[in-house]
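Q: My questions are about this predicted structure, shown below with the sequence.
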Amino acid sequence: SVPSLAVHIQTSRALMVISLLLGFFGIVVSVVGMKCTKVGEEDPVTKSRIAVAGGVLFILSGLCTLAAVSLYATQVTYEFFRESAVPVNARYEFGSALFVGWGAASLTVLGGSLLCCSCPAKERRGQQYYRQSQPSTPREYV
């Protein structure tokens with residue numbers, strides 16, 4: 001018989017798999033929503049809405065990563081400070097993977113937030129912006 005893993009490890013694993021799937025779909029949706037791609041709609045407003053949907057997927061992916069890493073770190077901290085027969089030098093401590101996980105979650109949420117900022121404001125959606133031409137008469141400088 002195979003010993004089962006602790007509940008917090010299984011939960012962290014499930015959250016990381018969900019995070020990977022959300023990140024993958026976020027990449028696909030964001031590429032479709034980029035202005036430089038010819039995939040999907042040609043309307044810039046629709047493209048920006050698709051990019052915002054990709055940004056939301058990235059934010060959700062980052063939050064799942066943050067939850068998984070923080071859950072594991074909480075359990076490590078709890079086990080470290082709990083009274084037990086295990087000596088202090090044999091207990092688990094924070095490893096570099098936890099800090100990499102927190103950094104990755106932060107950057108993923110930041111990237112998703114930047115994608116969400118690409119949605120045009122409501123009052124600018126129907127307007128066209130034209131560059132104003134320079135005055136046709138030359139200016140004289142004294």
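A: Ah, there it is.
Q: can you map out the helices along this structure?
A: With DSSP state H, the ranges of helices along the chain come out as 7-33, 44-81, 96-116.
Q: now, of the ones you listed, which is deepest in the fold?
A: helix 44-81 (a mean of 18; mean count of other Cβ atoms under 10 Å). Bear in mind the C-beta positions are built from the backbone N, C-alpha and C, glycine included.
Q: what's the offset of that helix from the middle of its chain?
A: When C-alpha coordinates are averaged (Cα atoms, centre = their mean, to the nearest Å), helix 44-81 and its chain have centres 6 Å apart.
Q: do stretch 30-50 as well
A: The mean C-alpha position of stretch 30-50 is separated from the chain mean by 19 Å, Cα atoms, centre = their mean.
Q: Give me the mean pLDDT for it.
A: Mean per-residue pLDDT for stretch 30-50: 84.
Q: Ok, stretch 117-125 next?
A: Averaged over stretch 117-125, pLDDT sits at 64.
Q: likewise stretch 98-110?
A: 95.
Q: Quick one: residues in contact with that stretch.
A: Identification of contacts with stretch 98-110 by Cβ atoms under 8 Å, 6 or more residues apart in numbering yields 23, 58-59, 61-63, 65-66, 68-70, 72-73, 76.
Q: of the residues you listed, the lowest pLDDT goes to which?
A: In this model, the minimum pLDDT among those belongs to V76 (81).
Q: Correct me if wrong: that residue contacts S70.
A: No. Using Cβ atoms under 8 Å, V76 is not in contact with S70; the gap is 10.6 Å.
Q: Return the distance of the nearest residue in space to V69 that is not next to it in sequence relative to T65.
A: Closest residue to V69 apart from its sequence neighbours, by Cβ to Cβ, 6 or more residues apart in numbering: G101 at 3.6 Å. Per Cβ to Cβ, to the nearest Å, G101 is found 6 Å from T65.
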